[in-house]
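In: Got a predicted structure here, sequence first:
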Amino acid sequence: MSGKFRRSPEPGKSGPEEDLAAGLYVTATPIGNAADITLRALNVLSSCDLIAAEDTRVSAKLLAIHGISKPLTAYNDHNAARERPKLISELRKGARIALISDAGMPLISDPGFKLVREAIAEGLPVHAIPGASAVLTGLALAGLPTDRFFFAGFLPARSGERKTALTELKAIQATLIFFESAQRLSDSLADMVEVFGVRTAAVARELTKLHEEVRRGVLSELAEHYEKAGAPKGEVTLIVSPPHTIQADTGRIDYALDKALAFMPVRAAVDLVADMLDAPRKLVYDRALEKKNDG
């Protein structure tokens, strides 16, 4: 990708406020580490007339860290219908309004879509200020295919509805990305095992924070771990591989294992076959043990 870069002001310095054009600025904020904010975002936040925040208390802390003092107003799922007309009215007058969420890019499982849609419908300027995203950060760390991915947001809280939603996603030939509460993680993983079968996955939590952790493995392994360990701490991003092409055809695995086990130990044979067929290692290992025990 090629393009021209425009010089931004120094961090915390916006230059003359009139340099910021009128409009709505959909502005990304850090997902954990407060340093993960762009120079452009700092310029917008320090130069705008008003900041519409999902939670003003959370946003006030971030602004204080970066030495920014601007009027704050709450804009969230609970008050959006009431506050949206007020924000649109200000935009009509030429205001510069920054829209931010608690963390990451606004509109990604956060309020804001209807505000952007209404501003566009009225011909008002809308600008996107990109930055940190738990979706892309989790995907980058998961070690799963990145050429195609599907963000599914939060799954339903009830198991029956959750399984229905997972069934609808089952056939998608792409890496799946979910947000999930720590308290429901174990139950959601168990439902995924039932609906998806054998798939590799990664559970990423506390991304960019001090206690960041990414646990990778087959869905069944992850489900077993969190059932025993209990709910983890922090925000969770769950990344699940696309359907394994070998899932319904274990014949190729068995054939390759028969050949490999004839002249090498189990672990070496498993590594060879898993790499050769791009198959889940645990699936290959379980079948290798069955063959050894049967033999």
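Out: Happy to help now that I have it.
In: So what does M264 look like in phi/psi?
Out: phi -150, psi 160 (degrees, to the nearest 10).
In: from what I can see it touches L272, true?
Out: Yes: taking contacts as Cβ atoms under 8 Å, M264 lies within contact range of L272: 7.3 Å. Placement of C-beta: from N, CA and C, glycine included.
In: Those two: who's more crowded?
Out: The neighbour comparison of M264 against L272 (other Cβ atoms under 10 Å) goes to L272, with 17 against 13.
In: could you pull out the helices for the protein?
Out: Along the chain, the segments classed as helices by DSSP state H run 39-47, 56-65, 80-92, 113-121, 134-142, 159-169, 185-196, 219-229, 251-261, 266-277, 281-294.
In: And for stretch 113-123, what's in contact with it?
Out: Stretch 113-123 is contacted by residues 23-24, 26, 52, 75, 80, 84, 87-88, 91-92, 99, 107, 125-126 when judged by Cβ atoms under 8 Å, 6 or more residues apart in numbering.
In: one more time with 7 Å, if that's ok
Out: Residues from elsewhere that reach stretch 113-123, judged by Cβ atoms under 7 Å, 6 or more residues apart in numbering: L24, V26, A80, R84, L87, I88, L91, L99, L107, V126.
In: Selecting buried members of these in ChimeraX, what would you type?
Out: Burial among the contacts of stretch 113-123 is assessed by 16 or more other Cβ atoms under 10 Å; the matching ChimeraX selection reads:
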select :24,26,80,84,87,88,91,99,107
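In: of the contacts of stretch 113-123, closest to A268?
Out: Minimum distance to A268 across the contacts of stretch 113-123 is 48.7 Å, recorded for L107 (Cβ to Cβ).
In: Could you find the closest non-adjacent residue to the closest one?
Out: Among residues not flanking L107 along the chain, F113 sits closest, at 5.3 Å (Cβ to Cβ, 6 or more residues apart in numbering).
In: ok so, going back, now tabulate the helices of the chain in CSV and tack on distance to E206.
Out: Below are those laid out as CSV (distance: least, Cβ to Cβ, whole Å):
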stretch, distance to E206
helix 39-47, 22
helix 56-65, 16
helix 80-92, 28
helix 113-121, 27
helix 134-142, 10
helix 159-169, 24
helix 185-196, 13
helix 219-229, 15
helix 251-261, 36
helix 266-277, 30
helix 281-294, 25
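In: worst average pLDDT in the ones you listed?
Out: Between the helices of the chain, the one with the least mean pLDDT is helix 281-294; it has a mean of 83.
In: Could you single out the nearest of the contacts of stretch 113-123 to S181?
Out: Among the contacts of stretch 113-123, and counting by Cβ to Cβ, the member closest to S181 is L107, at 20.0 Å.
In: Start and end of stretch 87-107, how far apart?
Out: This stretch, stretch 87-107, spans 16 Å end to end (Cα to Cα, to the nearest Å).
In: for it, which positions count as buried?
Out: Neighbour counts over stretch 87-107 (16+ other Cβ under 10 Å) mark 87-88, 90-91, 95-107 as buried.
In: try stretch 252-263
Out: I253, D254, A256, L257, A260, L261.
In: Between these, which sits nearest T237?
Out: I253 (30.3 Å).
In: What residues does that closest one make contact with?
Out: Residues in contact with I253, defined by Cβ under 7 Å, 6+ apart, are I246, V273, L277, A279, V284, R287.
In: so how far is P280 from it?
Out: If you measure I253 against P280 using Cβ to Cβ, to the nearest Å, the figure is 10 Å.
In: Ok, N33 next?
Out: 33 Å.
In: just T29 next, same as before
Out: Here T29 is placed at a distance of 37 Å from P280 (Cβ to Cβ).
In: So between those two, which is more surrounded?
Out: Between T29 and P280, counted using other Cβ under 10 Å, the more crowded position is T29 (27 against 23).
In: pLDDT score assigned to that one?
Out: So T29 comes in at 97 (pLDDT).
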